[in-house]
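> Predicted model and sequence below, questions to follow.
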Amino acid sequence: MPSMSLLILELLFWALLAAIVYTYAGYPIVIWCLARLFGRRQAPSPLDDHDLPSVSLLISAYNEEAGIEERLQNALALDYPKDRLEIVIASDGSTDRTAAIVRQYEDRGVRLLNYPVRRGKATVLNESMKHVKGEIVILSDANTATNPDAARNLVRWFRDDCIGAVCGRLILIDSQTGNNVDSLYWKYETFLKRCEGRLGALLGANGAIYAIPRQHYVPIPDGTIIDDFVIPLLARVKTGRMVVYDDQATATEETAPNVGSEFRRRARIGAGGFQSLMLLWPLLLPWRGWSAFVFVSHKICRWLCPFFLIGLLAVNGVLAHRAHFRWWLVAQLGFYTLAVAANWLPPGPRWLKPLRLSTMFVAMNVAVLVGFWRWLRGTQKGAWQRTPRVGEARAEVS
């Protein structure tokens with residue numbers, strides 16, 4: 001092979017390797033430094049009752065009869081003046097008893113928006129935002145439990161006219177024990193959200209708990225896959241206002257009951273990420289400041305990482321006749337072998353967790369690749385498939 005071609009391949013190899021390392025290791029260091037140097041440090045103080053804005057808690061639901069009553073009781077327990085709190089359940093063509101159960105709570109101030117035909121979450125949110133009354137809308141899910149002080153913590157940020165949306169903190173729990181089971185990866189993602197939020201450049205939100213002024217809501221296209229990513233960022237594009245993170249506004253949610261459910265979720269998010277670029281590309285323009293930097297570093301690089309990995313392995317294979325690169329090829333193949341093997345390790349021993357990280361890393365990138373293919377073919381639909389809770393999954397098996 002000509003020396004110039006070898007040089008180009010070597011440079012490509014190191015560039016791909018650097019891109020992968022930056023995406024998962026370099027960027028967290030950089031964003032932490034930037035947040036320390038340029039980020040806002042304190043959350044605003046709580047508002048007195050007479051200063052609190054009116055709030056609508058909007059919960060989308062599809063066939064949630066198993067848990068909707070518990071969710072309603074949780075929503076009614078919010079520490080917020082009742083005359084300024086509206087609880088709205090938007091049922092997207094539910095075919096079970098979801099609507100009937102919600103109607104039992106109408107005398108306690110709960111409103112039901114019952115859409116008879118299932119049209120997908122994006123359409124339901126667009127339609128429901130026309131009917132809610134609150135100045136601030138808190139969007140949440142039917143399988144979420146919101147802490148009593150969450151609404152107060154979210155709305156306090158909107159005293160600042162620079163704030164366009166606020167994302168709360170989602171805590172993952174085990175359904176059997178109720179214990180916090182945030183994985184290392186989830187802690188890693190929460191760390192990034194915290195740093196990005198301090199720069200006012202948070203990308204998207206946790207669908208379980210985020211807030212936006214009703215007047216700043218931009219209708220999203222029907223078929224939008226990841227609404228909680230698109231909604232805050234479209235508001236950012238429209239108003240120029242920042243998206244921030246409040247780790248004191250918390251909600252809890254059960255983890256996915258099995259690996260298959262989690263993989264499908266990640267593939268769906270991957271497809272939604274590529275889809276969202278058609279709407280959110282203005283945030284990539286350099287004059288968007290921190291938002292452009294974070295979008296490229298956290299999202300674009302993450303979505304491209306599967307292609308970086310494939311390219312790295314392919315280029316390494318071509319260069320394998322050279323001793324130095326042969327060891328790199330052995331290392332790559334060994335890593336992927338470990339990832340496959342670690343998938344069969346028992347879940348208990350803590351010392352095995354680092355090995356299972358390889359499985360998670362590979363599975364996550366394969367899911368993004370699957371999501372890309374579904375987006376390309378147009379086979380990923382906007383209508384969501386609810387994830388069974390652990391108890392339901394166990395009942396189905398028995």
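Yep, that arrived.
> what ranges do the helices span in the stretch 151-300 of the chain?
184-198, 227-239, 259-280, 290-294 (DSSP state H, counting those that start in this stretch).
> State the distance from G39 to I209.
Distance, G39 to I209, using CB to CB, to the nearest Å: 21 Å. All C-beta spots, glycine's among them, are computed from the backbone N, C-alpha and C.
> which one of these two has more residues nearby?
Comparing G39 with I209 by other CB atoms under 10 Å, the one with more neighbours is I209, at 32 against 19.
> you'd agree the more buried one is up against A165?
No. The criterion here is CB atoms under 8 Å, and I209 misses it with A165 at 11.7 Å.
> for this protein, longest strand please?
strand 242-254 (DSSP state E).
> other SSEs contacting that one?
When contacts are defined as 3 or more CB pairs under 8 Å, 6 or more residues apart in numbering; DSSP states H and E, strand 242-254 sits against strand 144-146, helix 150-155, strand 163-173, helix 184-198, helix 227-239.
> Swap in 7 Å and give it another go.
For strand 242-254, the helices and strands in contact under the criterion 3 or more CB pairs under 7 Å, 6 or more residues apart in numbering; DSSP states H and E are strand 144-146, helix 150-155, strand 163-173, helix 184-198.
> want to throw the ones you listed into JSON lines with mean pLDDT?
Converted to JSON lines, the helices and strands packed on strand 242-254 look like this (pLDDT from 0 to 100):
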{"stretch": "strand 144-146", "mean pLDDT": "94"}
{"stretch": "helix 150-155", "mean pLDDT": "96"}
{"stretch": "strand 163-173", "mean pLDDT": "90"}
{"stretch": "helix 184-198", "mean pLDDT": "88"}
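> G223 is nearest to which of the ones you listed?
Closest approach to G223 among these (CB to CB): strand 163-173, 21.8 Å.
> per-residue pLDDT, D227?
At D227, the model reports a pLDDT of 92.
> ditto for the one 5 residues further on
As predicted, P232 sits at a pLDDT of 94.
> Next up, phi/psi of the residue nearest to I269 when sequence neighbours are not counted, please.
In this structure, I269 finds its nearest non-sequential neighbour in I226, 5.7 Å apart by CB to CB, 6 or more residues apart in numbering. Per-residue torsions, I226: phi -110, psi 80 (degrees, to the nearest 10).
> where does the stretch 201-350 of the chain have low pLDDT?
Filtered on pLDDT under 70, the stretch 201-350 of the chain yields the residue ranges 256-260, 346-350.
> Name all residues that make contact with the residue lying closest to V218 once chain neighbours are set aside.
Closest residue to V218 apart from its sequence neighbours, by CB to CB, 6+ apart: L234 at 4.1 Å. Contact analysis of L234 by CB atoms under 7 Å, 6 or more residues apart in numbering lists V218, I220, L279.
> try 10 Å
By CB atoms under 10 Å, 6 or more residues apart in numbering, the contact list for L234 reads 164-165, 212, 216-221, 224, 227, 276, 279-280, 282-283.
> And for F308?
Here F308 is in contact with A15, L16, L17, A18, A19, I20, V21, Y22, T23, C301, N365 (CB under 10 Å, 6+ apart).
> element containing the second one?
Using DSSP states H and E, L16 falls within helix 3-21.
> Now that helix: buried residues?
By neighbour count, with 16 or more other CB atoms under 10 Å as the criterion, the buried positions of helix 3-21 are L9, L12, F13, L16, L17, A19, I20.
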